[in-house]
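Colleague: Quick one: sequence and predicted model below, then my questions.
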Amino acid sequence: PLCYWFTLTINVFFVVYKGSGGGFIDLSVIPLWGVTLLSIGIGYLVGFTAFLVLPILKRKAIANTETKKLQMEEEEKKILTSSSSDDIDYYDGNNDKVVVLKDNVTDDDDN
(Lines give C-alpha, C1' and ligand atoms only; values in the text may rest on other atoms or scores of the structure.)
Protein backbone atom coordinates (compact mmCIF):
# COMPACT_ATOMS: atom_id res chain seq x y z
CA PRO A 1 0.00 0.00 0.00
CA LEU A 2 2.83 2.42 0.71
CA CYS A 3 4.28 1.86 -2.76
CA TYR A 4 0.87 2.40 -4.34
CA TRP A 5 0.47 5.63 -2.39
CA PHE A 6 3.91 6.95 -3.27
CA THR A 7 3.74 6.03 -6.97
CA LEU A 8 0.27 7.40 -7.53
CA THR A 9 0.97 10.58 -5.57
CA ILE A 10 4.03 11.36 -7.71
CA ASN A 11 2.26 10.51 -10.98
CA VAL A 12 -0.85 12.55 -10.20
CA PHE A 13 1.28 15.46 -9.02
CA PHE A 14 3.25 15.67 -12.24
CA VAL A 15 0.22 15.20 -14.48
CA VAL A 16 -1.86 17.83 -12.69
CA TYR A 17 1.02 20.28 -12.11
CA LYS A 18 2.15 20.24 -15.73
CA GLY A 19 -1.41 20.47 -16.98
CA SER A 20 -3.18 18.80 -19.84
CA GLY A 21 -1.55 20.91 -22.55
CA GLY A 22 -4.62 22.89 -23.59
CA GLY A 23 -6.92 19.91 -23.87
CA PHE A 24 -10.49 19.65 -22.70
CA ILE A 25 -9.65 20.40 -19.06
CA ASP A 26 -7.02 23.03 -18.29
CA LEU A 27 -5.35 21.73 -15.15
CA SER A 28 -2.63 24.38 -15.15
CA VAL A 29 -4.91 26.86 -13.33
CA ILE A 30 -4.79 24.82 -10.09
CA PRO A 31 -2.30 26.38 -7.61
CA LEU A 32 0.67 24.40 -6.29
CA TRP A 33 -0.92 23.80 -2.87
CA GLY A 34 -4.06 22.45 -4.60
CA VAL A 35 -2.02 20.13 -6.80
CA THR A 36 -0.11 18.84 -3.76
CA LEU A 37 -3.30 18.30 -1.74
CA LEU A 38 -5.06 16.60 -4.66
CA SER A 39 -2.08 14.31 -5.32
CA ILE A 40 -1.69 13.26 -1.70
CA GLY A 41 -5.44 12.72 -1.36
CA ILE A 42 -5.71 10.50 -4.45
CA GLY A 43 -2.58 8.60 -3.44
CA TYR A 44 -3.98 8.06 0.08
CA LEU A 45 -7.32 6.88 -1.31
CA VAL A 46 -5.70 4.32 -3.61
CA GLY A 47 -3.22 3.18 -0.94
CA PHE A 48 -5.99 2.71 1.61
CA THR A 49 -8.11 0.84 -0.93
CA ALA A 50 -5.17 -1.45 -1.70
CA PHE A 51 -4.69 -1.97 2.05
CA LEU A 52 -8.28 -3.20 2.31
CA VAL A 53 -8.57 -5.13 -0.96
CA LEU A 54 -5.25 -7.00 -1.21
CA PRO A 55 -5.82 -9.30 1.82
CA ILE A 56 -9.25 -10.23 0.47
CA LEU A 57 -7.82 -11.05 -2.96
CA LYS A 58 -5.03 -13.07 -1.36
CA ARG A 59 -7.51 -15.17 0.65
CA LYS A 60 -9.59 -15.82 -2.48
CA ALA A 61 -6.52 -16.86 -4.48
CA ILE A 62 -5.39 -19.26 -1.76
CA ALA A 63 -8.88 -20.76 -1.44
CA ASN A 64 -9.11 -21.17 -5.21
CA THR A 65 -5.73 -22.90 -5.31
CA GLU A 66 -6.70 -25.29 -2.51
CA THR A 67 -9.98 -26.12 -4.24
CA LYS A 68 -8.20 -26.92 -7.49
CA LYS A 69 -5.66 -29.04 -5.62
CA LEU A 70 -8.44 -31.08 -3.98
CA GLN A 71 -10.16 -31.55 -7.34
CA MET A 72 -6.94 -32.80 -8.89
CA GLU A 73 -6.39 -35.24 -6.02
CA GLU A 74 -9.93 -36.60 -6.47
CA GLU A 75 -9.33 -37.07 -10.20
CA GLU A 76 -6.09 -38.90 -9.45
CA LYS A 77 -7.92 -41.25 -7.08
CA LYS A 78 -10.58 -41.93 -9.72
CA ILE A 79 -7.92 -42.75 -12.29
CA LEU A 80 -6.04 -45.05 -9.96
CA THR A 81 -9.14 -46.87 -8.72
CA SER A 82 -10.66 -47.28 -12.19
CA SER A 83 -7.57 -48.96 -13.66
CA SER A 84 -6.66 -52.46 -12.67
CA SER A 85 -3.65 -52.55 -10.40
CA ASP A 86 -1.93 -55.22 -12.55
CA ASP A 87 -1.67 -52.91 -15.55
CA ILE A 88 -0.16 -49.92 -13.73
CA ASP A 89 3.58 -50.12 -13.23
CA TYR A 90 4.03 -46.64 -11.81
CA TYR A 91 2.20 -43.36 -11.36
CA ASP A 92 3.88 -40.17 -12.46
CA GLY A 93 2.41 -37.54 -10.09
CA ASN A 94 4.39 -34.66 -11.55
CA ASN A 95 2.84 -34.91 -15.00
CA ASP A 96 -0.58 -36.11 -13.82
CA LYS A 97 -0.41 -39.19 -16.01
CA VAL A 98 -0.88 -42.82 -15.30
CA VAL A 99 1.67 -44.82 -17.23
CA VAL A 100 0.38 -48.22 -18.22
CA LEU A 101 2.94 -50.77 -19.24
CA LYS A 102 1.83 -54.21 -20.36
CA ASP A 103 4.15 -57.15 -20.66
CA ASN A 104 4.34 -58.68 -24.11
CA VAL A 105 5.53 -62.14 -23.19
CA THR A 106 5.85 -64.70 -25.90
CA ASP A 107 6.51 -68.37 -25.47
CA ASP A 108 9.57 -68.71 -27.72
CA ASP A 109 11.28 -71.00 -25.23
CA ASP A 110 8.95 -73.88 -26.13
CA ASN A 111 10.61 -74.40 -29.53
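Modeller: Perfect, I can see it now.
Colleague: what helices or strands is the host helix or strand of G41 leaning on?
Modeller: In this assignment (DSSP states H and E), G41 forms part of helix 32-82. With contacts taken as 3 or more Cβ pairs under 8 Å, 6 or more residues apart in numbering; DSSP states H and E, helix 32-82 sits against helix 2-18, strand 88-92. Bear in mind the C-beta positions are built from the backbone N, C-alpha and C, glycine included.
Colleague: ranking the ones you listed by mean pLDDT, which is last?
Modeller: Sorting the helices and strands packed on helix 32-82 by mean pLDDT places strand 88-92 lowest, at a mean of 53.
Colleague: Mind checking the pLDDT average for the helix holding G41?
Modeller: For helix 32-82, mean pLDDT rounds to 86.
Colleague: what angle do it and helix 2-18 make?
Modeller: Between helix 32-82 and helix 2-18, the angle comes out at 140 degrees (axes from the mean of the first three to the mean of the last three Cα atoms, to 10 degrees).
Colleague: follow-up on the earlier one: highest average neighbour count across the helices and strands packed on helix 32-82?
Modeller: Ranked by mean neighbour count under mean count of other Cβ atoms under 10 Å, those are led by helix 2-18, which reaches a mean of 15.
Colleague: who touches that one?
Modeller: Here helix 2-18 makes contact (Cβ atoms under 8 Å, 6 or more residues apart in numbering) with 27-28, 30, 32, 35-36, 38-40, 42-44, 46-47, 50.
Colleague: Please indicate which of these are buried?
Modeller: Listed as buried from the contacts of helix 2-18 are L27, V35, L38, S39, I42, G43, V46, G47, A50; burial here means 16 or more other Cβ atoms under 10 Å.
Colleague: The contacts of helix 2-18: which two are farthest apart?
Modeller: S28 and A50 (29.6 Å; Cβ to Cβ).
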